[in-house]
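# here's my sequence, what's the structure:
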Amino acid sequence: MSELTLENRLRRLEALRSIDDLIVDLGRAFDAGPSATELLPLFTDDAVFIIDQYGELKGAQSIADGVAGNAETGFSWTLHYLASPKVELDADSAAGTVEFYLWEIATSASDKAYWIGGRYIAEIKSDNDKWKFSRLELIADLISHYPEGWHEKPAALEKA
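Modelled structure (predicted):
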């Protein structure tokens, strides 16, 4: 393997940082309603989003609209924790793959509380120096109803 030039090393570091931002932006877009407006720029026009065994969306607009529309029948509120990204970039740092974990707290449209855990596997591309998902797959290892449901935050913490 040849030595990377300083310029190539810098390009790779900038790419890795931008991919971290892409993952953060995905979680925030999911948690913002979800927001079709915030989701749309995160995907390439021909992107594919595979949602475990529950469906597949094709195209950035379809993904944005489909995920945002899920609030009415799927989850009306979510809090995503996307962690431990493992990024592999190609030689020119213009594309790559990333895998990261999901821990999610959610409320369904029927007002039931859920814990969700799993991972995302993605293909990513740089599009005019903006990183986007070209393929995103959710592998849900855990989707568990929490019968007690969520409670309001207490006015004060109890002393142990």
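# run through the neighbouring helices and strands of the strand ranked longest in the chain.
Longest strand in the chain, counting residues (DSSP state E): strand 130-146. Here strand 130-146 is seen to pack against helix 6-31, strand 43-51, strand 95-108, strand 113-127 when contacts are counted using 3 or more CB pairs under 8 Å, 6 or more residues apart in numbering; DSSP states H and E. To be clear about C-beta, it is placed using only N, CA and C from the backbone, and glycine gets the same treatment.
# ok, for the most centrally placed residue in the chain, nearest residue in space, not its chain neighbours?
Ranked by distance to the mean C-alpha position of the chain (CA atoms, centre = their mean), the top residue is Leu26 at 4.3 Å. Beyond its immediate neighbours in the sequence, the residue positioned closest to Leu26 (CB to CB, 6 or more residues apart in numbering) is Leu42, lying 5.8 Å away.
# same question, Ser126
In space, Ser126 comes closest to Ala94 once its chain neighbours are excluded; the distance is 4.9 Å by CB to CB, 6+ apart.
# right, and that neighbour touches Lys125 too?
Yes - at 7.0 Å, Ala94 and Lys125 qualify as touching, with contact defined as CB atoms under 8 Å.
# still on that earlier bit, got TSV for the helices and strands packed on strand 130-146, with distance to His145 too?
Conversion of the helices and strands packed on strand 130-146 to TSV gives the following (distance: least, CB to CB, whole Å):
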stretch	distance to His145
helix 6-31	20
strand 43-51	18
strand 95-108	9
strand 113-127	6
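# dump the ones you listed into CSV; add mean pLDDT and distance to Asp141 as well.
Written out in CSV, the entries for the helices and strands packed on strand 130-146 read as follows (pLDDT from 0 to 100; distance: least, CB to CB, whole Å):
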stretch, mean pLDDT, distance to Asp141
helix 6-31, 95, 18
strand 43-51, 98, 14
strand 95-108, 97, 9
strand 113-127, 97, 4
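# for those, which one sits closest to Trp77?
Of all those, strand 95-108 sits nearest to Trp77, with 4.2 Å by CB to CB.
# show me how far the closest one is from its chain's centre.
In terms of CA atoms, centre = their mean, to the nearest Å, the centre of strand 95-108 is set 5 Å apart from its chain centre.
# which strands border that strand, and is each parallel or antiparallel?
Applying DSSP bridges to the sheet, strand 95-108 is found paired with strand 75-89 (antiparallel), strand 113-127 (antiparallel).
# can you tell me which of those is packed in deepest?
Each of the strands paired with strand 95-108 was assessed for mean neighbour count using mean count of other CB atoms under 10 Å. The highest is strand 113-127, with a mean of 17.
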